[in-house]
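A.B. asks: Sequence first, predicted model second:
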Amino acid sequence: MAKLTIDDLKRIKESARRNLALRSEKGVIDILVHMGTCGIEAGARDVMKALLDETEKSGRTDIRVLAGPCGGMCGVEPTIVIKSDGAEPVIYQQMNPDKIQQVFASHVQKGEIVTAFVKAPETTGE
C-alpha cells in the first residue's frame, strides 16, 4: 500500500469537513437539476456539469447539487430549482452553462434572483 502524503491528508480532511457541514443542513443551499428524459435531451447534463464546476470553484461547503426526476416542465427544460433557508424555491428555465454562471454568481453567491431566467408561475385562468 502506498504511503499517504501531506497533500493526501489535506484532501481527506477537506472532504470530511465538507461532509460534516452538509450534514448539519442549516444554511445549506440545494440546487436541483431536473434530469428526466426531456431535461437530458435539452442539455441538463451540461447544466449539471457547469453547476458542479461553479460549486467547486467557489470553495463553498454549503451547496448541494442534486439530480432530480422530471419536473413536468418539458417545454422549458433544462430547469433547475434553488432552495435556500426560509426562501421560496426558485425555478430557473431553459438553462445552459452560460446562464448557470450568471445564476450562480447572482443567486447562489449574493442571494439576488436573476428574474430574466425565472419560470413564471402557472395560471389557471380562473
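C.D. replies: Okay, I see it. In this text the structure is predicted, and so the values were computed from the model without any measurement. Numbers count the residues shown, from 1 in each chain.

A.B. asks: low pLDDT regions in this protein?
C.D. replies: Where the chain drops to pLDDT under 70, the residues are 1, 18-26, 122-126.

A.B. asks: On the three-state scheme, the residue nearest in space to the middle of the chain is what?
C.D. replies: Closest to where the C-alpha atoms of the chain average out (Cα atoms, centre = their mean) is Ile31, at 3.1 Å. Recorded secondary structure, Ile31: strand (DSSP: H, G, I helix; E, B strand; the rest coil).

A.B. asks: Distance-wise, check the residue nearest to Thr37 when sequence neighbours are not counted relative to Cys38.
C.D. replies: Distance criterion Cβ to Cβ, 6 or more residues apart in numbering; nearest residue to Thr37, sequence neighbours excluded, is Cys70 at 7.0 Å. To be clear about C-beta, it is placed using only N, CA and C from the backbone, and glycine gets the same treatment. Distance, Cys70 to Cys38, by Cβ to Cβ, to the nearest Å: 7 Å.

A.B. asks: quick one, which of those two is more surrounded?
C.D. replies: Legend: neighbour count by other Cβ atoms under 10 Å for Cys70 and Cys38, higher for Cys38 (19 against 15).

A.B. asks: Am I right that that one is in contact with Glu77?
C.D. replies: Yes - taking Cβ atoms under 8 Å as the definition, Cys38 is a contact partner of Glu77 at 5.1 Å.

A.B. asks: Off-centre distance for the helix or strand hosting Lys57?
C.D. replies: Counting by DSSP states H and E, the element that carries Lys57 is helix 44-58. Centroid displacement of helix 44-58 relative to its chain, using Cα atoms, centre = their mean, to the nearest Å, is 7 Å.

A.B. asks: got the buried residues for it?
C.D. replies: The neighbour-count check on helix 44-58 (16 or more other Cβ atoms under 10 Å) flags Ala44, Val47, Met48, Ala50, Leu51, Glu54, Thr55 as buried.
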